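Participant: Okay, here's the prediction I keep looking at, along with the sequence it came from:
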Amino acid sequence: MKDFRPMFARVPNPGMGMSSSGHLVLEVCTFNVLGSTGASMLGSPKGIETGSDIYLWVQGLREGNGGGCVDQLLVGR
């Protein structure tokens, strides 16, 4: 994967328009497919928000008003 940037944005929901809240996503410009197209999922991927630090950060981003500021989150520890 090359040329990517993390961002926080609403994402498309198939058949339902856009998500109601923002999500942590990667915008990727270049990638290579590993394995075969249509093959089963590789490994046991988990949602990124299952990590407690990431979950708190994303919740802060969704609240707005600087709630996702990493410096503020770290000071509270």
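Facilitator: Ah, there it is. Numbers count the residues shown, from 1 in each chain.

Participant: what's the distance between Arg10 and Gly22?
Facilitator: Here Arg10 is placed at a distance of 6 Å from Gly22 (C-beta to C-beta, to the nearest Å). C-beta here means a position set from N, CA and C on the backbone, and glycine is covered the same way.

Participant: Looking at those two, which has the bigger crowd around it?
Facilitator: Shown here are Arg10 and Gly22; by other C-beta atoms under 10 Å, Gly22 has more neighbours (16 against 13).

Participant: residues in contact with the more buried one?
Facilitator: The contact partners of Gly22, taken as C-beta atoms under 8 Å, 6 or more residues apart in numbering, are Phe8, Ala9, Arg10, Val58, Leu61, Arg62.

Participant: Return a ChimeraX selection command for the buried portion of these.
Facilitator: Listed next is the ChimeraX selection for buried residues among the contacts of Gly22, using 16 or more other C-beta atoms under 10 Å:
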select :58,61
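
Participant: Between which two of the contacts of Gly22 is the distance greatest?
Facilitator: By the measure C-beta to C-beta, the contacts of Gly22 have their two most distant members at Arg10 and Val58, which lie 13.0 Å apart.

Participant: Contacts only, for the spatially closest residue to Phe31 that is not a sequence neighbour.
Facilitator: Spatial nearest neighbour of Phe31, excluding adjacent residues (C-beta to C-beta, 6 or more residues apart in numbering): Met1 at 4.8 Å. Contacts for Met1 were tallied using C-beta under 8 Å, 6+ apart; they are Leu26, Val28, Thr30, Phe31, Asn32.

Participant: Mind putting those residues into CSV with secondary structure?
Facilitator: Converted to CSV, the contacts of Met1 look like this (DSSP: H, G, I helix; E, B strand; the rest coil):
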residue, secondary structure
Leu26, strand
Val28, strand
Thr30, strand
Phe31, coil
Asn32, coil
